[in-house]
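Q: sequence unavailable; structure follows:
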């Protein structure tokens, strides 16, 4: 696969998705975010043959080793993970692009020429931003951030066995709160 | 303190020191590496009054809380840490500069306008580089890297209570093996 892919992992509220879109716009390549990939997976993925097929992309074949320790077989989330792996691999084969979230860096690790990015920011910046972008909720923004961070770290760890947010897992990590969203996008664009 | 400081933490063999020097040269500001700071500390620091003075810079005063749990009092390394804190604070007060290593990011956290950088690279790149730069030793380069990484992480953890190499502790982290040493230096220079 010759296409050059930018994968962006990010803390909730850090602006990683916005940065991905800005980079993609300037480079004139598509940006696939995790919602879009999730939706494609839901629409196409629960077709039985597609899932079976998707399994071939997982390390160790269908229902990868990550799942072998489950007592009660794969969950819906496991099936979705398998399907998402296939979708991400297909998107990367189609052409150069930006992929935000869904452990794309891990899924494409031996398959594509990836620039692996991680975006983070402190609690204050992210709390303000999620209220601006997603509105108020019953839970405090700080509580929402803590819940999301915990879920993302656990998801990443479970399916990839790698530690989310460790500098060594990425080519570049950026603090969007201090450096600014536009600045982060321009650094990534220049690196590409 | 109005001076702008660049602090560089780095994995052994990743070229962090070289990157610091390149950045400093282009910006025409001094670069203090950990060897230099260690040497200043050894020369000036074991003077009794200087040490007593240095202690005031430590969190919680002389022999900071990090040391209070020691059964047998402070070690030479603890005294050196105290002196180094004072030296780094003084260097940062003197003018804008680059400081490589010695937990300068932590020491200056509430005192200066710092750009906090972490440089890393994979084992293969670093193994080749330490043989090129420091020559062959009896231990394999991989063993030397593992030992040094472990020591640096432990030192950092012990004196700062922060996890070394976590993206969230830095404004930017860079993989010098993939991006190249010159490229890393130019990104940092532009950010400053």
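A: Received, thanks. Keep in mind it's a predicted model, so treat the numbers as computed, not measured.
Q: contact residues of chain A facing chain B?
A: Residues of chain A lying near chain B by CB under 8 Å from any CB of the partner chain: A:118, A:120, A:165-168, A:170-175, A:178-179, A:183, A:187, A:190-191. Backbone N, C-alpha and C define where each C-beta goes, glycine included.
Q: swap in 6 Å and give it another go.
A: A:118, A:120, A:165, A:167-168, A:171-175, A:178 (CB under 6 Å from any CB of the partner chain).
Q: ok, and the most crowded of these?
A: With neighbours taken as other CB atoms under 10 Å in any protein chain shown, the top of the residues of chain A next to chain B is residue A:174, carrying 33 neighbours.
Q: partner residues bridging that residue?
A: residue A:119, residue B:172 (DSSP bridges).
Q: give me the distance between it and residue B:94.
A: Separation of residue A:174 from residue B:94 (CB to CB, to the nearest Å) stands at 29 Å.
Q: picking up where we left off before, tell me the least confident of the residues of chain A next to chain B?
A: Among the residues of chain A next to chain B, residue A:165 has the lowest pLDDT, at 85.
Q: can you pull the contacts of the residue nearest to that residue when sequence neighbours are not counted?
A: Distances taken as CB to CB, 6 or more residues apart in numbering or on different chains place residue B:167 nearest to residue A:165, at 5.0 Å, with adjacent residues excluded. Taking CB atoms under 6 Å, 6 or more residues apart in numbering or on different chains as the criterion, residue B:167 is in contact with A:118, A:120, A:165, A:167, A:173, B:173.
Q: hmm, the fifth one is touching residue A:118, no?
A: Spelled out, that is residue A:173. Yes - Residue A:173 is within contact range of residue A:118, at 4.2 Å (criterion: CB atoms under 6 Å).
Q: any weak-confidence spans in chain A?
A: In the predicted model of chain A, residues A:1, A:45-73 satisfy pLDDT under 70.
Q: chain A: strands as residue ranges?
A: For chain A, strands defined by DSSP state E occupy the ranges A:4-10, A:31-32, A:97-100, A:113-120, A:172-175.
Q: name the surrounding residues that touch stretch A:177-191.
A: Residues outside stretch A:177-191 that contact it (CB under 6 Å, 6+ apart) are A:15, A:18-19, A:22-23, A:26, A:117, A:121-122, A:125, A:174, A:176, B:171.
Q: next, count neighbours for residue A:124.
A: For residue A:124, the neighbour count with other CB under 10 Å is 11.
Q: what distance do you get for it to residue A:12?
A: 14 Å.
Q: just give me the residue right at the centre of chain A.
A: Per CA atoms, centre = their mean, the C-alpha nearest to the average position across chain A is that of residue A:101, at 1.1 Å.
Q: I'd guessed it sits against residue A:34; true?
A: Yes - assessed by CB under 6 Å, residue A:101 is found in contact with residue A:34 at 3.3 Å.
Q: quick one, helices of chain A?
A: Remark: helices assigned in chain A by DSSP state H are A:16-27, A:34-45, A:48-54, A:76-94, A:104-107, A:123-134, A:141-160, A:176-179, A:181-191.
Q: ok and the longest one relative to helix A:76-94, angle-wise?
A: Spelled out, that is helix A:141-160. 80 degrees (axes from the mean of the first three to the mean of the last three CA atoms, to 10 degrees).
Q: so which bits of helix A:141-160 are buried?
A: A:141, A:144-145, A:149, A:152, A:155-156, A:159-160 (16 or more other CB atoms under 10 Å in any protein chain shown).
Q: which elements pack onto it?
A: Contacts defined by 3 or more CB pairs under 6 Å, 6 or more residues apart in numbering or on different chains; DSSP states H and E place helix A:141-160 against helix A:123-134.
Q: and the helix it packs on, how far out from the chain middle?
A: 20 Å (CA atoms, centre = their mean, to the nearest Å).
Q: can you pick out the most distant pair from the residues of chain A next to chain B?
A: A:168 and A:178 (21.0 Å; CB to CB).
Q: roughly how far apart are residue A:176 and residue B:100?
A: In this view, residue A:176 and residue B:100 are 25 Å apart by CB to CB.
Q: correction: residue A:11
A: From residue A:11 to residue B:100 the distance is 27 Å (CB to CB).
Q: before we move on, what about residue A:35?
A: Residue A:35 sits 42 Å away from residue B:100, going by CB to CB.
Q: ok, the two, which is more surrounded?
A: Taking neighbours as other CB under 10 Å, residue A:35 and residue B:100 compare with residue B:100 leading, 27 against 12.
Q: related to what we said a few turns ago, columns distance to residue A:41 on top of the contacts of residue B:167, output as CSV?
A: Listed next are the contacts of residue B:167 as CSV, based on distance: CB to CB, whole Å:
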residue, distance to residue A:41
A:118, 23
A:120, 26
A:165, 24
A:167, 30
A:173, 27
B:173, 31
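Q: residue A:175 touches residue B:171, doesn't it?
A: Yes - using CB under 6 Å, residue A:175 is in contact with residue B:171, at 4.4 Å.
Q: stretch A:27-37: which residues count as buried?
A: For stretch A:27-37, burial by neighbour count (16+ other CB under 10 Å) applies to A:27, A:29, A:31-34, A:36-37.
Q: and stretch A:115-123, by the same measure?
A: For stretch A:115-123, by 16+ other CB under 10 Å, it's A:115-121.
Q: related to what we said a few turns ago, which one among the buried residues of stretch A:27-37 gets closest to chain B?
A: Ranked by distance to chain B (CB to the nearest CB), the buried residues of stretch A:27-37 are led by residue A:27 at 17.6 Å.
Q: mind listing what the closest one touches?
A: Residue A:27 neighbours (CB under 6 Å, 6+ apart): none.
Q: distance check, it against residue A:21.
A: Distance from residue A:27 to residue A:21, by CB to CB: 11 Å.
Q: between the contacts of stretch A:177-191, which sits nearest residue A:105?
A: For the contacts of stretch A:177-191, the nearest to residue A:105 is residue A:117 (8.4 Å; CB to CB).
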